[in-house]
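Visitor: Predicted model and sequence below, questions to follow.
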Amino acid sequence: MKTLIAQVLLPVMLLLPTISHAQFRDVPPKYEYSSAIYSLQDDGIVQGYPDGNFMPWQIINRAEFTKILMEATGTE
């Protein structure tokens, strides 16, 4: 049974990061940092803005930086 679960779940789990995130309208697939941005989104560290943009060129403030740091390190 464990082997069957591993054979079924492993391929699905490997596909999840590629299908779990929504595309940001302002982060095209060929953008230099798109894989890093979507990796952080998949890990729940960044979400982007409600309008569907990420705004990768925008400078973040201290509060946004602190939130990202806390999410990345798992601190509350």
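Guide: Looks like it came in fine.

Visitor: Now do the same contact list for Ile37.
Guide: Ile37 makes contact with Phe24, Val27, Tyr31, Val46, Phe54, Pro56 under the criterion C-beta atoms under 8 Å, 6 or more residues apart in numbering. C-beta coordinates here come from the backbone N, C-alpha and C atoms, glycine included.

Visitor: again, only this time at 10 Å
Guide: In this structure, Ile37 makes contact with His21, Phe24, Val27, Tyr31, Val46, Gly48, Phe54, Pro56, judged by C-beta atoms under 10 Å, 6 or more residues apart in numbering.

Visitor: Among the residues you listed, which lie within helices?
Guide: The members of these all map outside helices under DSSP state H.

Visitor: Out of these, which end up buried?
Guide: His21, Phe24, Val27, Val46, Gly48, Phe54 (16 or more other C-beta atoms under 10 Å).

Visitor: need the residues you listed in JSON lines with pLDDT and distance to Ala72, can you?
Guide: Shown next, in JSON lines, are the buried ones among the contacts of Ile37 (pLDDT from 0 to 100; distance: C-beta to C-beta, whole Å):
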{"residue": "His21", "pLDDT": "59", "distance to Ala72": "16"}
{"residue": "Phe24", "pLDDT": "94", "distance to Ala72": "19"}
{"residue": "Val27", "pLDDT": "95", "distance to Ala72": "19"}
{"residue": "Val46", "pLDDT": "94", "distance to Ala72": "9"}
{"residue": "Gly48", "pLDDT": "92", "distance to Ala72": "16"}
{"residue": "Phe54", "pLDDT": "95", "distance to Ala72": "16"}
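
Visitor: List just the nearest of the residues you listed to Leu69.
Guide: Val46 (11.5 Å; C-beta to C-beta).

Visitor: Now for that closest one: which residues touch it?
Guide: Neighbours of Val46 in contact, by C-beta under 10 Å, 6+ apart: 24, 36-40, 54, 60, 64, 67-68, 71-72.
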